[in-house]
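K.L.:
Build me a model from this:
(one chain, ligands or ions: 1)
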Amino acid sequence: MRKKETISSLQSAKKSRKLTMITAYDALFASLFATEVDMILVGDSLNMSFGGRPDTLSATLEQMIYHTEAVCNGAPETFVVCDMPFGSTNTKEEALANAVEVFRRTRADAVKIEGGAKRADLVAHLVDNGIAVMGHVGLLPQSVRSEGGYRVKGRDEESFRTVLEDAAAIERAGAFALVIEGVTPELAAMVTEEASVPVIGIGAGAQTDGQVLVWSDMLGFFEEFKPKFVKRYMDGAALVKEAVKRFTEDVREGRFPAEEHCYK
Ligand code: KIV
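P.N.:
This is a model prediction of the structure:
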């Protein structure tokens, strides 16, 4: 059994070992991932990969709590982070009340909040009130509609500087770690170098303190589209389809159930 990570063990990993995080939305998959990864993220990406919706924006706090509780049940010895969904952190007061609700109703160890310098006060307010916060800077999926798409940051001077400032502000506000998404490797490397907390990348090159991937992307269950930054570690969709095909053929041709599947 792996020893459960803590904020201090995660922070002391910076510069000594690479951190791994994977998303999970249910107890079963969380239990399968728990033996290997340092952290599990209950990402609002569940709205897409679990809910079949086009983006993360309609995920609700209730859904995040339900799935976080399931993940904590499946992986009680793993550090679990719950994503705060779009619209649940509009003001300091609302953000604190909603994060407290997450902590009351689940055993999550931390929450993740998307956004840069403009959200620094809000992050500080949560940290001051005993909520561990993981920041999320760079490409912000919750801004997909306001930005008119998913835009990689750091290709121009302005976005390069903005993300550097965002990361510094969120660290100063007390975040124990940062996710950096959808940025050039050079920008991610500079953020990682300047931050004293662990920086976990997704679509951000190899120079970060760790990596996170969405489980259905990395296990090849999501067939429609493979983002450039995803490495598929298995062809989940093909395996499932093949197994279901064999089941239906077995039933139709009388091979299942066989004697060993019947009660005596
Ligand atoms: O919601 C999510 O899965 C995330 C990761 C992409 C970091 O925020």
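
K.L.:
Please look at residue 11 and residue 176 and confirm they touch.
P.N.:
Yes. Assessed by C-beta atoms under 8 Å, residue 11 is found in contact with residue 176 at 6.4 Å. Glycine gets a C-beta too; all of them are placed from N, C-alpha and C.

K.L.:
what sits in contact with each of these two?
P.N.:
Residues touching both residue 11 and residue 176 by C-beta atoms under 8 Å, 6 or more residues apart in numbering: residue 197.

K.L.:
Looking at these two, which is more packed in?
P.N.:
residue 176 (19 against 15; other C-beta atoms under 10 Å).

K.L.:
Tell me the spacing between the more buried one and residue 9.
P.N.:
Per C-beta to C-beta, to the nearest Å, residue 176 is found 11 Å from residue 9.

K.L.:
quick check: domain ranges of the chain?
P.N.:
7-233, 236-264 (automatic domain parsing).

K.L.:
Quick check: buried residues in the last one?
P.N.:
Think domain 236-264. 236-237 (16 or more other C-beta atoms under 10 Å).

K.L.:
i'd like the first residue to be 528 from this point on
P.N.:
OK, 528 is where the count begins now, so the last one is domain 763-791.

K.L.:
ends of stretch 596-609, how far apart?
P.N.:
Stretch 596-609 has an end-to-end distance of 10 Å (C-alpha to C-alpha, to the nearest Å).

K.L.:
quick one: is it near the ligand?
P.N.:
No. For stretch 596-609, no contact with the ligand is found by C-beta under 6 Å from any ligand atom; the gap never falls below 9.2 Å.

K.L.:
contacts for that stretch?
P.N.:
528-533, 537, 548, 551-558, 560-561, 564-569, 591-592, 595, 629, 632-639, 661.
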